[in-house]
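[1] Whatever this is, show me its structure:
(one chain, ligands or ions: 2)
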Amino acid sequence: MIIVMKPNAKRESIEHILKLIKDNGLDTHISQGKEVTIIGVVGDKSKLMTQNLEIAEDVDKIVPVTESYKLANRKFHPEPSVVKVGNTSIGGNEFVIMSGPCAIESREQLLETAFAIKKAGATILRGGAYKPRTSPYSFQGLEEEGLKYMKEAREATGLAVVCEVTSLAAIETAVKYVDMLQIGARNMQNFYLLKEAGKTGLPVLLKRGLAATIDDWLNASEYIISEGNPNVVLCERGIRTFETATRNTLDISAVPVIKEKSHLPIIVDPSHATGVRSYVAPLSKCAVAAGADGLMIETHPNPAIALSDGPQSLTFSQFEQLCTELHPFVELMGKKF
Ligand code: PEP
Ligand code: MN
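    Numbers count the residues shown, from 1 in each chain. Ligands and ions are numbered 1, 2, ... in the order given. Okay, here's the model as predicted:
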């Protein structure tokens, strides 16, 4: 539940409520708006005597929160969250484009890509060093060697860098090299991994699971936030449906639904959603129009020889063209990049 204080409630009244809740063994989460303070209660609220709260000084109303996710809930935090990643921020006025290869294949490939995407307007470099491949015989990633190239690319370009982590060992290594950790679709409900990623304090990019409902997804984000790490960005990357023309089905409605239910920023990944290069541009425009905070787009110097996801990767000139075409859409939505 949340306790909405009256506009300009006195500090002592707020302190009184916080103490009452804590004395009942529950945690609080404060959201401070311009005039109104909202106190979120986390834990088993049956322990709390709500009657005492309703008549307490400066309390406006008590609103039950029926959803099981609390800290990710918009009711707990009405203002949209802005997550800082390196020199860029996701969730504010900036429309953020992250791009790069599916897998880091070599130093040259990564550096070349980093410079190309930066020139086109991207601010975050993505690249996989630990690849969760469907087949164990497919390329599994360069691991720490790849992360070293990521760090070098960051130093050379000023781009922020993000890499997927698939185990605790990968998290422990990645924190030395990257600005943001990615939890991929296949690990969205690996609760142990979510908690460990939360404990690092680094921003976490949480992709939607292949068959996860929006509720499942927000509960997954709650695992990260409840470790004291509010820096979560959601990424819609398509879900499994009966349709086979695309690799997954992009659930574009997830964008406004998330915006209504949560304060967390959301970006869209049309590359993994479709698996088809020619569908990436139209769906990118769609994502901007739906209100997304950014995009993740796979690019490669030569997609024909990419070690993974070549068919969905854009060439640099295709990526540059797309960024140019996106400008008026982004402007129309009152954002910039
Ligand atoms: C990726 O972003 O490289 C990736 C593997 O995507 P997903 O987890 O969405 O399949
Ligand atoms: Mn990929």
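
[2] Can you point out the buried residues in the helix or strand where Ile224 lies?
    Following DSSP states H and E, one finds Ile224 within helix 214-225. For helix 214-225, the neighbour count (16 or more other C-beta atoms under 10 Å) marks Ile214, Trp217, Leu218, Asn219, Ala220, Ser221, Glu222, Tyr223, Ile224, Ile225 as buried. For every residue, glycine as well, the C-beta is placed using N, CA and C.

[3] Please apply the same query to stretch 247-264.
    247-248, 250-252, 254-255, 258-259, 261-264.

[4] one step back: now the buried residues of helix 214-225 as JSON lines including distance to Ala185?
    Output for the buried residues of helix 214-225, formatted as JSON lines (distance: C-beta to C-beta, whole Å):
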{"residue": "Ile214", "distance to Ala185": "14"}
{"residue": "Trp217", "distance to Ala185": "10"}
{"residue": "Leu218", "distance to Ala185": "15"}
{"residue": "Asn219", "distance to Ala185": "15"}
{"residue": "Ala220", "distance to Ala185": "11"}
{"residue": "Ser221", "distance to Ala185": "14"}
{"residue": "Glu222", "distance to Ala185": "18"}
{"residue": "Tyr223", "distance to Ala185": "16"}
{"residue": "Ile224", "distance to Ala185": "15"}
{"residue": "Ile225", "distance to Ala185": "19"}
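
[5] returning to that earlier point: would you turn the buried residues of stretch 247-264 into CSV with secondary structure?
    Shown next, in CSV, are the buried residues of stretch 247-264 (DSSP: H, G, I helix; E, B strand; the rest coil):
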residue, secondary structure
Arg247, coil
Asn248, coil
Leu250, coil
Asp251, coil
Ile252, coil
Ala254, helix
Val255, helix
Ile258, helix
Lys259, helix
Lys261, helix
Ser262, strand
His263, coil
Leu264, coil
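
[6] Which pair of those residues spans the longest distance?
    Spatial extent of these (C-beta to C-beta) is set by the pair Arg247 and His263 at 30.0 Å.

[7] backbone phi and psi for the closest residue to ligand 1 within the stretch 51-200 of the chain, please?
    Closest to ligand 1 within the stretch 51-200 of the chain is Gly184: 3.0 Å, counting by C-beta to the nearest ligand atom. Main-chain torsions, Gly184, degrees, to the nearest 10: phi -80, psi 170.
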